[in-house]
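J.: what's the 3D shape of this:
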Amino acid sequence: MPHLDEKQNLSAAAYQQIEELIVTLELPPGTVFSEADLSRRLNIGRTPVREALQKLSADQLVITLPRRGMMVTEINIASHLALLETRRVLEKLIIAKAAKRAAPEQKDALQECARGIVDAAESGDLVSYMRYDQTFHQITAAASGNPYAVSANAPFHAHCRRFWYYYKMNGDIKRLARFHADMMYAVIDGDEVQAASILDEMMDYLAEFTKAALNL
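T.: Numbers count the residues shown, from 1 in each chain. A predicted model of the protein is given here:
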């Protein structure tokens, strides 16, 4: 029988892989699937996949269809704008506290991440860009020292990454990468006010992008 740590690692790996399939639209909105389908596709056992899907359901990325399996949720403009409003409040707190509390090794990691996300955007490598974006959020979440804000905010990132994939033709990925890099440099400098200010600018842009993407 697998040890607890091994089971947790398998569940986390399943979650990460399924989330990426959803975010990158390999599992598009409206896709109906089963635990068995994903278990075979990922070559991961049914139990870790089930645990991952329970978390993805809580994150509102999948829903259960009685007697049919699971379905990837649709993208809804009204709920996405509400999501951005909530994300702004939580992430502003997280980024400011990260600027205040980041350890030297976290700042070193952010230096590398800032360079990487700009390079990925310049080359048009959206997959690498999204992975750097995820790394940025993981580092600042850990640095913030506020697990309550982090836990509440975590599900929003996947929704935002998926929205960008879906409507990327309307967005300026280089501009978004610069927002991220500038926030990282503000955290490295320990400048809470600047980090929060750049976050506000980025969220303004994401709200504009959301409306423009749907011709509102």
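
J.: For stretch 123-134, give me every contacting residue.
T.: Residues from elsewhere that reach stretch 123-134 (Cβ atoms under 8 Å, 6 or more residues apart in numbering): 23-24, 113, 116-117, 120-121, 157, 161, 164-165, 168, 173, 177, 180. For every residue, glycine as well, the C-beta is placed using N, CA and C.

J.: now do stretch 11-30
T.: With Cβ under 8 Å, 6+ apart as the criterion, stretch 11-30 contacts 33, 38, 42, 44, 47-49, 51-53, 55-56, 61-62, 71-75, 127, 130, 158, 161-162, 165-166.

J.: List buried residues within these.
T.: 33, 38, 42, 44, 48-49, 51-53, 55-56, 61-62, 71-73, 75, 130, 158, 161-162, 165 (16 or more other Cβ atoms under 10 Å).

J.: Next step: the contacts of stretch 11-30 restricted to strands.
T.: The strands, defined by DSSP state E, take in 33, 62, 71, 72 from the contacts of stretch 11-30.

J.: Roughly how far does the residue nearest in space to the middle of the chain sit from residue 103?
T.: In the chain, the residue lying closest to the centroid (Cα atoms, centre = their mean) is residue 157, at 2.8 Å. Distance, residue 157 to residue 103, by Cβ to Cβ, to the nearest Å: 22 Å.

J.: In helices, which of the buried ones among the contacts of stretch 11-30 fall?
T.: Using DSSP state H, 38, 42, 48-49, 51-53, 55-56, 130, 158, 161-162, 165 are the members of those that sit in helices.

J.: how about CSV for these, with distance to residue 142 and pLDDT added?
T.: Shown next, in CSV, are these (distance: Cβ to Cβ, whole Å; pLDDT from 0 to 100):
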residue, distance to residue 142, pLDDT
38, 28, 92
42, 26, 92
48, 24, 93
49, 26, 94
51, 22, 94
52, 21, 94
53, 25, 95
55, 19, 94
56, 22, 95
130, 19, 89
158, 18, 90
161, 19, 90
162, 23, 93
165, 25, 87
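
J.: of the residues you listed, closest to residue 66?
T.: Proximity of those to residue 66 (Cβ to Cβ) peaks at residue 53, which lies at 14.9 Å.

J.: Verify the stated contact: the closest one with residue 62.
T.: Yes. Assessed by Cβ atoms under 8 Å, residue 53 is found in contact with residue 62 at 6.1 Å.

J.: I'm done for today, thanks for sticking with me.
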